[in-house]
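>>> Quick check, what structure comes out for this input:
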Amino acid sequence: MLEQYGSCAQPEELTAFVDRHGQGGRVVALQRILQGSSDPFLGHFRGERADYYVRQFRDMKGGIDAETLEDGPFRRYAQACATVLARAHGQSPNAAKVIGYLGEGRACAEAIVEWAYAYAALSRADYGAFLDAVAGGTAS
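Model (predicted):
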């Protein structure tokens, strides 16, 4: 699980929570906010050397292979995914802060699109670096 945040300073509420409950507790708390219905096995514990969280491995409810969908069904599937994701983030205790930061309506949509394109470019660059490391034998 992610434990390092690079050079980004973290809010005091988060660091205090992690000090009390560990990184596993952080992950579980945020999962409970984001999930529409909680995983019955979701939990966390602190080990001697690391923090851990546990969850249901597979819910066996099936899935959709998005690569096999034609354009219309793919768009409907993407819309459904976006709706579920928006609902999940709308449950966050920080939802009002995010809206205050991004703005509403068109300004919010434009800010999200701008961020998404920048993140996609970063992901492509990271993947290129990964492929280079694999080709050069330095990936571990």
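>>> And the next helix or strand past the element among helices and strands of the chain having the smallest mean pLDDT?
When the helices and strands of the chain are scored by mean pLDDT, DSSP states H and E, helix 95-102 comes last with a mean of 78. Scanning forward in sequence from helix 95-102 by DSSP states H and E, the next helix or strand is helix 105-136.
>>> Mind giving me the packing neighbours of that following helix?
helix 95-102 (3 or more CB pairs under 8 Å, 6 or more residues apart in numbering; DSSP states H and E). The C-beta positions use only the backbone N, C-alpha and C, and glycine is treated the same way.
>>> Run the chain-centre distance for the helix it packs on.
17 Å (CA atoms, centre = their mean, to the nearest Å).
>>> what do you get for stretch 47-57?
18 Å.
>>> Buried residues, that stretch. List them.
Under the neighbour-count criterion of 16 or more other CB atoms under 10 Å, stretch 47-57 has 51, 53, 55 buried.
>>> separation between the second one and His44?
In this case it means Tyr53. Computed as CB to CB, to the nearest Å, the Tyr53 to His44 distance reads 4 Å.
>>> Find residues that contact each of those two.
24-25, 27-28 (CB atoms under 8 Å, 6 or more residues apart in numbering).
>>> for those, which one is nearest Glu104?
Within the shared contacts of Tyr53 and His44, proximity to Glu104 (CB to CB) peaks at Val27, which comes in at 30.1 Å.
>>> Confirm that closest one sits in a strand?
No - counting by DSSP: H, G, I helix; E, B strand; the rest coil, Val27 falls outside a strand, being helix.
>>> All set now, cheers.
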